[in-house]
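J.: predicted model follows, preceded by the sequence.
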Amino acid sequence: MDVINGDIINGDIVNGFDEPAEQAYALICAIYRASEGFAATIEETFPTLAAFVAYLGELKKRPGAIFLLAKQGEVLGAYLFLEPRPLARLAHTADLNMGVAAACRGQGSGQCLLAEACRQAQGDGVLEILYLMVRADNLAAVRLYERSGFTLQATLRRDIKIGSYYFDGLLMAKFLKAVNQP
């Protein structure tokens with residue numbers, strides 16, 4: 001999956017809300033289980049298909065919510081959620097969560113998902129700021145987010161603990177439009 005002059009080739013970005021939940025859930029479970037890069041386990045995030053379906057139903061109701069999947073043929077290879085925050089004074093912000101299957105890394109699917117999510121979010125006009133957390137040692141992801149216009153907001157020292165090891169977390173943000181401050 002590549003981007004040439006803004007066009008996606010060798011793959012598709014599709015609306016995840018329109019795809020079978022079972023397939024999306026299987027992809028997300030596989031990505032979570034193959035990586036220790038997430039702060040939560042899949043069992044903590046989506047313990048069952050029913051919990052995932054309920055999450056999708058609630059997410060879809062929020063203005064500005066986006067769920068995208070990257071496909072190559074019929075095979076899902078990556079996902080991205082933009083989850084608008086539910087509180088009225090934070091509704092202009094969203095948390096970004098994405099994952100790319102190991103077999104699809106380095107092929108542009110993450111870049112395509114980010115570009116499409118930002119394009120849709122700017123077009124909707126609901127969201128102004130996108131936030132994400134990434135482990136500081138996940139250099140490929142950090143570079144991807146930086147290339148997509150995300151900037152470092154804070155480093156959270158020893159934020160994630162896996163076993164007896166600590167990892168720093170990076171809070172990154174992308175401002176979709178100018179934000180007025182008092």
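T.: Received, thanks.

J.: what is the subsequent helix or strand relative to the top helix by length along the chain?
T.: In the chain, assigned by DSSP state H, the helix with the most residues is helix 109-124. Downstream of helix 109-124, the next assigned helix or strand under DSSP states H and E is strand 129-135.

J.: just the angle between that next one and helix 109-124, please?
T.: 160 degrees (axes from the mean of the first three to the mean of the last three Cα atoms, to 10 degrees).

J.: and for the longest helix of the chain, what's in contact with it?
T.: If you take Cβ atoms under 8 Å, 6 or more residues apart in numbering as the criterion, helix 109-124 is touched by 1-3, 6, 8, 11, 13, 63-64, 66, 68, 70, 72, 77-80, 82, 94, 96, 98, 100, 127, 130, 141, 144-145, 147-149, 174, 176-177. In this view, the C-beta of every residue, glycine as well, is placed from N, C-alpha and C.

J.: same thing with stretch 144-157?
T.: By Cβ under 8 Å, 6+ apart, stretch 144-157 touches 110-111, 114-115, 118, 130-134, 136, 168-174.

J.: now that stretch: mean pLDDT?
T.: When pLDDT is averaged over stretch 144-157, the result is 97.

J.: so which bits of that stretch are buried?
T.: 144-145, 148, 150 (16 or more other Cβ atoms under 10 Å).

J.: off-centre distance for stretch 51-63?
T.: Relative to its chain's centre, stretch 51-63 lies at 15 Å (Cα atoms, centre = their mean, to the nearest Å).

J.: now it: buried residues?
T.: For stretch 51-63, by 16+ other Cβ under 10 Å, it's 52, 55-56, 59, 62.
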